[in-house]
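Trainee: Dropping the sequence and predicted coords here.
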Amino acid sequence: MGEALNCNTIFSIHIGGLTIDITESIVVTWIVMAILVLLSVIFVRNLRVENPGKVQLALETIITTFNKLFGDVLGEKGKDYIPYLITVILYIGLSNIMGIFGVKPPTKDLNVTATLAIMSIVLVQISAIRAKGTKGWAKSFAEPVAIVAPLNVMELAIKPLSLCMRLFGNVLGAFVVMKLIEVVVPAVVPIPLSLYFDFFDGFLQAFVFTFLTALYMQEAIE
């Protein structure tokens, strides 16, 4: 169990006197990225305006659903950020279910979830600057009254921390529970539970992460 919780180094890259360790989470992330790119190429190869196939209709339904979901939250001002949110939800969702293929989900690595959280919060601040200007963004920290400015500044650290720990904790918890179940009752029980922990809970956490990012962005640009 302890070995399963570790994030081992697969190989190292030496550049001069610098050593860069390539961990399991990085390698699996590369695999996830390759899968997403490959699927994107496959699914958009034969798109048609007239008489679309079932695969194209399903793909359009998924993209339309995501666009409507995030569009309702962000409004017209935030529509430019929807592709980023769709990309993130697909990456996290696919990463969370990698456990069923016998590899450790990248999102079980705190470094990965922290990076995703920092990226999202940086984008939130960029969206606020684009919507309000630098002065308007700076003044927003003193709203509704100047005395709360320190608390608003603290949110710059609190929000990414909450995003990071929520995703990391849920993915790690599901991973640990499944490993324990596989040890105790390895035959049949893990199969239906895997459908919950790996699929339902995995995609649920991807949705929660991106939806909260969208909400933070909506608050920043309104």
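Mentor: The structure has been received and is ready for your questions.

Trainee: and after the lowest-mean-pLDDT helix or strand in the chain, which helix or strand comes next?
Mentor: Among the helices and strands of the chain, helix 2-5 carries the lowest confidence by mean pLDDT, DSSP states H and E, at a mean of 51. Using DSSP states H and E, the next helix or strand after helix 2-5 towards the C-terminus is strand 9-15.

Trainee: Quick check: neighbours of that next one in the sheet, parallel or antiparallel?
Mentor: Strand 9-15 pairs in its sheet with strand 18-23 (antiparallel), by DSSP bridges.

Trainee: State the mean pLDDT of the biggest helix by length in the chain.
Mentor: Determined from DSSP state H, the single longest helix within the chain is helix 149-184. Computed over helix 149-184, the mean pLDDT rounds to 78.

Trainee: helices and strands around that helix, which ones?
Mentor: Where contact means 3 or more C-beta pairs under 8 Å, 6 or more residues apart in numbering; DSSP states H and E, helix 149-184 is packed against helix 2-5, helix 110-140, helix 190-194, helix 201-221. For the C-beta atoms, the positions are set from N, CA and C on the backbone; glycine is no exception.

Trainee: Please state the offset of stretch 34-49 from the chain centre?
Mentor: Relative to the mean C-alpha coordinate of its chain, stretch 34-49 is positioned 21 Å out (C-alpha atoms, centre = their mean, to the nearest Å).
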